[in-house]
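> need a 3D model of the sequence below.
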Amino acid sequence: QVQLVESGGGLVQAGGSLRLSCVVSGQSFSTLLMAWFRQAPGKEREFVGCNLRSGGTQYYANSVKGRFTISRDNAKNTAYLQMSSLNPEDTALYFCAASTAYYTIRSDQYDYWGQGTQVTVSS
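All right, here's what the predicted structure looks like:
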């Protein structure tokens, strides 16, 4: 059974930074496409970014490009989302997700999900 456990969320002031972590168990981590999504109250879940299996290629939503960095440590079965220059519009529940696909930004093509970690950015 594949499990994803996120951590690192919290309350931060605008302009600040946070790093989220996602530990994966139950599946060979290096075979998984890893992604981060977020969902703000009253809004649909949106793609934030993803990191291909090798860890060498990342894709980002335009709204976070240049501010967020996705990485992974295949030896630690862990994916990371480093967030900088945060603003109140980044406030959301952040999810990590894993897929057996090579590349996708569609949430319905992700097989496994974490429980989410709340990020709140105050102005």
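> residues in contact with the spatially closest residue to residue 10 that is not a sequence neighbour?
Computed as C-beta to C-beta, 6 or more residues apart in numbering, the closest residue to residue 10 that is not its neighbour in sequence is residue 18, at 6.4 Å. For glycine as for every other residue, the C-beta is placed from the backbone atoms N, C-alpha and C. By C-beta atoms under 8 Å, 6 or more residues apart in numbering, the residues touching residue 18 are 8-10, 12, 83, 86, 119.
> what subset of those residues is buried?
8-9, 12, 83, 86, 119 (16 or more other C-beta atoms under 10 Å).
> next one: the residue at the greatest distance from the centre of the chain from residue 42, what distance?
The centre of the chain is farthest from one residue, residue 123, which by C-alpha atoms, centre = their mean lies 22.6 Å away. Note on residue 123: its distance to residue 42, by C-beta to C-beta, to the nearest Å, is 18 Å.
> do the same with residue 61
Going from residue 61 to residue 42 by C-beta to C-beta gives 19 Å.
> could you check which of those two has the larger neighbour count?
A count of neighbours by other C-beta atoms under 10 Å puts residue 61 above the other of residue 61 and residue 42, at 16 against 5.
> OK, contacts around that one?
For residue 61, the contact set (C-beta under 8 Å, 6+ apart) comprises 46-49.
> what about stretch 3-12, start to end distance?
In terms of C-alpha to C-alpha, to the nearest Å, the two terminal residues of stretch 3-12 are separated by 27 Å.
> contacts for that stretch, please.
With C-beta under 8 Å, 6+ apart as the test, stretch 3-12 has contacts from 18-26, 86, 94-98, 112-122.
> go through those residues and flag which are in strands.
Residues of the contacts of stretch 3-12 located in strands (DSSP state E): 18-25, 94-98, 112-113, 117-122.
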